[in-house]
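Student: no sequence for this one, just the structure:
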């Protein structure tokens, strides 16, 4: 025998007017369950009855809520208020608020642009090319160029003699060589190609002089001067030194 | 918030209440007359109270629901469509306030008084009185075990005689969900109350 489901019994308990199936008369189990539903719903309806509010309910409710009720402002246009919020904010105040917001946004935008420009100028100053290096750097490089120039002038003059003591020249060249490499690397990384190129050529001359024998013939020096184009290097060195002197004056100002 | 003046007790004659329609009351409120809302409170507080009493199960909670309902209704009156029926609108708010209160009550620990059976009818014999009190207590206890939506759906269906379509609309759920909520509530109550029916 197939029993009725709870859903079916519940549906029957709500609308018995439609007639009960024969199964309920025959099946004790389904009949018991059916009457459980009926009793439950009757009990619920009976318990609910018709609640009677207290006679003073209206007055109590009104007295309780009246002090909390805001006053809505009448709408001058056809559009109705969309809620209490707008009722509390007069239309003029809303427009004033909107205008103030626009001014605030504009000011913030302008201040942001100004800050960005100043910040960019600061960065540019920090990243300034080495064509205008600091005063200490200029002094050091100028000193190195002066010493190099003196060495080249001595080499130029020595070529006029039959034999030269190359010891002091080689030591001076070796001494300059170490500094020259440091300045050359710095110039290369500091985006100063003119100085880097000059120091590179100077480096080759210094290497050559530093490794020459202690006793040099005048002919050896003349060959070196020609091969290395010492006159041209000396000219470039003087131009570079003048440029650095000028930069130093500007920096001092 | 711009609070209004202190509550004033106006004479509430039926003639005076009949003067303004619901729509006119709402429009008066929106035009700056909060006292026009009093008429709506007097007209519909009884209806809201009955629904709240059936859902929450006691008078004190129903009173609280009525106050919350009319306060919430006033604050949301700008959203009320003038073409709609104010009674239906405020009733829906009342049901939602009742559900909110049931949720709040579930979060609070039950007081000692809640667990005691209370006599419901003094004109019958002691055994019948005791059984009736026990039945009422058991029913309240079983209702308290339902979810808020189940309790509201069951009350609306079997105490307020609302249709399933109305329940679905009031609770803002689908028709199928409303039917399921009612049936789940019935099943739970049936299981909880079965031992008492055997005694009877």
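Tutor: Noted; the coordinates are in hand. Just so you know, these numbers come straight off a predicted model, no measurement behind them.
Student: who touches the helix or strand hosting residue B:100?
Tutor: Assigned by DSSP states H and E, residue B:100 belongs to helix B:86-107. With contact meaning Cβ atoms under 8 Å, 6 or more residues apart in numbering or on different chains, helix B:86-107 is reached by B:22-23, B:25-26, B:40, B:43-44, B:47-48, B:51-52, B:55-56, B:61, B:64-66, B:68-70, B:72-73, B:76, B:80, B:144, B:148-149, B:151-152, B:156, B:169-171. From N, CA and C alone the C-beta is placed, and that goes for glycine too.
Student: just the buried residues of that helix, please?
Tutor: B:86, B:89-99, B:101-102, B:105 (16 or more other Cβ atoms under 10 Å in any protein chain shown).
Student: thought residue B:74 was touching residue A:71?
Tutor: No: with contacts counted by Cβ atoms under 8 Å, residue B:74 stays clear of residue A:71, the gap being 10.9 Å.
Student: and the longest helix for chain B?
Tutor: Criterion DSSP state H: the longest helix present in chain B is helix B:175-199.
Student: buried set for that one?
Tutor: Neighbour-count burial for helix B:175-199 [16+ other Cβ under 10 Å]: B:178-179, B:181-190, B:192-193, B:196.
Student: if we check chain A, which of those are in contact?
Tutor: B:183, B:186, B:187, B:189, B:190, B:193 (Cβ under 8 Å from any Cβ of the partner chain).
Student: any chance of those in a markdown table, plus pLDDT and distance to residue B:32?
Tutor: Listed next are those as a markdown table, based on pLDDT from 0 to 100; distance: Cβ to Cβ, whole Å:
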| residue | pLDDT | distance to residue B:32 |
| --- | --- | --- |
| B:183 | 91 | 48 |
| B:186 | 90 | 49 |
| B:187 | 89 | 52 |
| B:189 | 87 | 48 |
| B:190 | 85 | 53 |
| B:193 | 75 | 53 |
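Student: for chain A, which residue is closest to the average position?
Tutor: In chain A, the C-alpha closest to the average C-alpha coordinate belongs to residue A:116, at a distance of 12.4 Å (Cα atoms, centre = their mean).
Student: just the pLDDT for it.
Tutor: As predicted, residue A:116 sits at a pLDDT of 76.
Student: which strands or helices does the helix or strand in which it is found pack on?
Tutor: Element membership of residue A:116, judged by DSSP H and E, is helix A:91-126. Using 3 or more Cβ pairs under 8 Å, 6 or more residues apart in numbering or on different chains; DSSP states H and E as the contact test, no helix or strand touches helix A:91-126.
Student: next helix or strand past that helix?
Tutor: helix A:135-158.
Student: buried sites along that following helix?
Tutor: In helix A:135-158, the ones that count as buried by 16+ other Cβ under 10 Å are A:137-138, A:140-142, A:144-145, A:148-149, A:151-152, A:155, A:158.
Student: thinking again about what came up before, residue B:74 and residue A:71: who's more crowded?
Tutor: residue B:74 (21 against 18; other Cβ atoms under 10 Å in any protein chain shown).
Student: and that one, what does it touch?
Tutor: Counting by Cβ under 8 Å, 6+ apart, residue B:74 has contacts A:65, A:69, B:29, B:34, B:37.
Student: which of those residues fall in helices?
Tutor: Those of these lying in helices (DSSP H): A:65, B:29, B:37.
Student: just checking, the last one touches residue A:69?
Tutor: Yes: at 6.7 Å, residue B:37 counts as touching residue A:69 under the criterion of Cβ under 8 Å.
Student: re earlier: how about the buried residues of helix B:86-107, which pair is most distant?
Tutor: The span of those, defined through Cβ to Cβ, is set by B:86 and B:105 at 28.1 Å.
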